[in-house]
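Trainee: Show me the folded form of this:
(chains A and B)
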Number of protein chains: 2
Amino acid sequence: MTFSYNQLFTFTEAVFRGIGCPEDDATLATETLLSADLRGIDSHGVARLVGYVRLWEAGRINPTPRVGVTYETPSTAVVDGDGGLGLVVGPKAMRVAIEKARQVGTGWVSVKNSNHFGIAGYHAMLALAHDMIGVAMTNASPLVAPTHSLDRLLGTNPIAVAVPAGEQPDFVADLATTTAANGKLEIAQRKQLPVPEGWVQSADGSASTDANAVKNGGALLPLGGATGSHKGYALGAVVDIFSAVLSGANYGPWVPPFVAFLQPPTDPVGLGLGHFFGAMRVDAFRPADEFKAHMDNWVTTFRNAQAIEGKKVLIPGDPERAMAAVRLLDGIPLLDAVIKDLEVVGQKFGVKL
Amino acid sequence: MTFSYNQLFTFTEAVFRGIGCPEDDATLATETLLSADLRGIDSHGVARLVGYVRLWEAGRINPTPRVGVTYETPSTAVVDGDGGLGLVVGPKAMRVAIEKARQVGTGWVSVKNSNHFGIAGYHAMLALAHDMIGVAMTNASPLVAPTHSLDRLLGTNPIAVAVPAGEQPDFVADLATTTAANGKLEIAQRKQLPVPEGWVQSADGSASTDANAVKNGGALLPLGGATGSHKGYALGAVVDIFSAVLSGANYGPWVPPFVAFLQPPTDPVGLGLGHFFGAMRVDAFRPADEFKAHMDNWVTTFRNAQAIEGKKVLIPGDPERAMAAVRLLDGIPLLDAVIKDLEVVGQKFGVKL
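Mentor: Predicted coordinates:
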């Protein structure tokens, strides 16, 4: 069953109003959240609305946060999210990075005391309209075992980088630093299928293709999988350090879990979870029109590469942009289980889907 | 056969003097190059000295470059390497980044008109002594096929990030954005062994375990390998864009090859190859002692994680630091073929190994 973007927008915004978000914040949170559904990253979109509501019910989300800068230099800042929705804190922190870039060429903002912020790509893309390169990272619930570890110490810790082009569409890389995002495991679980090797390890650290391995004490594996997970581990670690050790958020195993039925650690090392944002004016390096002309050439060169038979060489961001075009027109399909969840949530606040 | 660090230093410095480098530059280039041998990354160290000399003989390295800033804002700069050794241009550009970070919190420098710069980790680590986080990237000879491509459009494009700790040793991540570095292929070639799946593809784009696949028209695969190379492709692309599209260097298939017997493209889109450097003062985000105490806790937590039986959880940089301690004491082992090459080069300049 599919729903129009506007229909989901109205519904989601009303739910955020229901948990007490001021009007502007509810609108912002909705835009951030639904950008995932539009771009085809269904695991991070409206399907998680019920998760955010449960966190609010557990008193772990502040619907009226005072988001503000607590420490700064001309090109950096730490933003305190005051326990708010990452969906709101993220764009506000990104605005600080963009403003600093306007002043001194680049801006870098590390965020503490926040919550899950949807898809990293959305935040990075906020820089594009200003002729800036955008960078966004976040740490997340610990589900990933560093190389050789049985303990789960990292999240899927995504990195997104958005680069403006000229005539060509923008370049948007957005990747978890794990072999596969947790959402892909959930799909395999629902279909009762095994997962490829290199995605997960079992509770004793051995290779596994069991889609339920993480639930049963195993772990997601860093990007690089069975033979080269040390690279994904290093990247995920950098995201954790930039997002949380720089800002004063929780890092590693102390990151509060997204699911409300798991309690956050009772010995926190910081406040909430952490993000890291960057904005770089392209004309802080060379005239913007020159940069964009070369970026167009870069994109065209890669897109026109000779492809393996039956395949196509894509530019990072191509599939998500194509999906957004389709879904804006044809609507966003939701699974029955998600619709049911949303209806239950809607009833709480007297809102109809 | 092993050589002391000092012995190799004296020899290498004399060779760089031989190609016409001023004394300070020869010393700097030697320190940069040999940091690879010390840290156990033998493919990028003195074994490549002959390669640099051949590039100089082909007129493709300027031994007396005027390295300078050509464009800047308070937090950014473009540095023109004037065709010099990347081994010299890199540290000089990193100094610009560090100076900018001192002024406004962070410094970001994109470099054009350079050459290969040794190991990325060395450059990133230059920030550590200043209580800064260091970032270093470079593009490189096109040997890597983007996902679904038959054409080789990217280099192994490494990313390095160095983070200072307090009592604990520093965190140093340094990774090629490919499944395996080209040096590992060369080792397999010498031993006439196959390589693991996911390292290379053959000329028609099919999966291959042939260590000679790249020589025979195939390509290295981006990090993630057979099933998830789109993530490594995106990361390698970001390195290419930051290093070359921002600076005005050559990008993608236009990056000049390291080997002197391959000619650079006759239709360049920029100058030489490109690097990207960053420096971030940790006290641009929070007091340095606070940051370092939490970084110590981060390192200790990860190092003490419960390990898979018979394994140990390492911190990025641990193996290289341990290797450097051993090699400073016991000397640096060189393969016979490398020694022979060095002796031939030494004779050209009247220098004995």
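Trainee: Kindly provide the distance from the most far-flung residue of chain A relative to its centre to chain B.
Mentor: Ranked by distance from the centre of chain A (CA atoms, centre = their mean), the top residue is residue A:309, with 33.0 Å. In this view, residue A:309 and chain B are 7 Å apart by CB to the nearest CB, to the nearest Å. Quick note: C-beta positions are derived from backbone N, CA and C, even for glycine.
Trainee: same thing with residue A:348?
Mentor: 38 Å.
Trainee: What does that residue show for phi and psi?
Mentor: Backbone geometry at residue A:348, expressed as degrees, to the nearest 10, gives phi -50, psi -40.
Trainee: show me where the stretch 1-150 of chain A has strands.
Mentor: A:2-3, A:68-73, A:76-80, A:106-114, A:132-138 (DSSP state E, counting those that start in this stretch).
Trainee: out of those, nearest to chain B?
Mentor: With respect to chain B, and counting by CB to the nearest CB, the nearest of the strands of the stretch 1-150 of chain A is strand A:68-73 at 3.2 Å.
Trainee: re the thing from before, OK, contacts around the residue farthest from the centre of chain A?
Mentor: Residues near residue A:309 by CB atoms under 8 Å, 6 or more residues apart in numbering or on different chains: B:204, B:205.
Trainee: What distance do you get for it to residue B:199?
Mentor: Relative to residue B:199, residue A:309 is positioned 21 Å away (CB to CB, to the nearest Å).
Trainee: rewinding a little: now the residue farthest from the centre of chain A, what's its secondary structure?
Mentor: Classification of residue A:309 by DSSP: H, G, I helix; E, B strand; the rest coil places it in coil.
Trainee: where's it relative to residue B:210, distance?
Mentor: Taking CB to CB, one finds residue A:309 at 19 Å from residue B:210.
Trainee: And for residue A:152?
Mentor: Residue A:152 is 37 Å from residue B:210, by CB to CB.
Trainee: Residue A:119 now?
Mentor: For residue A:119 relative to residue B:210 (CB to CB), the value is 39 Å.
Trainee: who's more crowded, those two?
Mentor: residue A:119 (26 against 18; other CB atoms under 10 Å in any protein chain shown).
Trainee: which residues touch the more buried one?
Mentor: A:35, A:36, A:39, A:41, A:44, A:158, A:160, A:174.
Trainee: Around chain B, pick out the residues from the stretch 51-200 of chain A.
Mentor: A:71, A:73-76, A:78, A:103-106, A:108, A:110, A:146-151, A:153, A:159, A:161, A:163, A:171, A:173, A:175-176, A:179-180, A:196, A:198 (CB under 8 Å from any CB of the partner chain).
Trainee: Can you say which of the residues you listed are buried?
Mentor: A:71, A:73-76, A:78, A:104-106, A:108, A:110, A:146-151, A:153, A:159, A:161, A:163, A:171, A:173, A:175-176, A:179-180, A:196, A:198 (16 or more other CB atoms under 10 Å in any protein chain shown).
Trainee: Could you list the low-confidence segments of chain A?
Mentor: Along chain A, no part satisfies pLDDT under 70.
Trainee: for it, what's the longest helix?
Mentor: Assignment by DSSP state H gives helix A:86-104 as the longest helix of chain A.
Trainee: hang on, isn't residue A:352 packed against residue A:346?
Mentor: Yes. Assessed by CB atoms under 8 Å, residue A:352 is found in contact with residue A:346 at 6.0 Å.
Trainee: so the longest helix of chain A versus strand A:68-73, what angle?
Mentor: Comparing the axes of helix A:86-104 and strand A:68-73 via axes from the mean of the first three to the mean of the last three CA atoms, to 10 degrees yields an angle of 30 degrees.
Trainee: which other helices and strands contact helix A:86-104?
Mentor: helix A:23-38, strand A:76-80, strand A:106-114, helix A:120-125, strand A:132-138, strand A:273-281 (3 or more CB pairs under 8 Å, 6 or more residues apart in numbering or on different chains; DSSP states H and E).
Trainee: Go through that helix and flag the buried ones.
Mentor: A:86-98, A:100-101, A:104.
Trainee: farthest pair in those?
Mentor: Maximum pairwise distance in these, criterion CB to CB, is 28.0 Å, between A:87 and A:104.
Trainee: surely residue A:46 meets residue A:342?
Mentor: Yes. Residue A:46 is in contact with residue A:342 according to CB under 8 Å; the separation is 6.9 Å.
Trainee: what do the two both touch?
Mentor: Common neighbours of residue A:46 and residue A:342 (criterion: CB under 8 Å, 6+ apart): residue A:334.
Trainee: and these two? which has more neighbours close in?
Mentor: Neighbour totals were compared for residue A:46 and residue A:342, and residue A:46 leads with 25 against 22 (other CB under 10 Å).
Trainee: give me every residue that touches that one.
Mentor: Counting by CB under 8 Å, 6+ apart, the residues that residue A:46 touches are A:8, A:12, A:33, A:34, A:36, A:37, A:332, A:334, A:338, A:342.
Trainee: What is the nearest of the residues you listed to residue A:241?
Mentor: Out of these, the member with the shortest distance to residue A:241 (by CB to CB) is residue A:36, at 25.5 Å.
Trainee: Now do the helices in the stretch 251-353 of chain A.
Mentor: For the stretch 251-353 of chain A, helices defined by DSSP state H, counting those that start in this stretch occupy the ranges A:288-303, A:318-330, A:336-348.
Trainee: Could I get those in TSV, plus columns for distance to residue A:26?
Mentor: Output for the helices of the stretch 251-353 of chain A, formatted as TSV (distance: least, CB to CB, whole Å):
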stretch	distance to residue A:26
helix A:288-303	35
helix A:318-330	21
helix A:336-348	14
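Trainee: Could I get the buried residue list for stretch A:334-349?
Mentor: Neighbour-count burial for stretch A:334-349, counted by 16+ other CB under 10 Å, picks out A:334, A:338, A:341, A:342, A:345, A:346.
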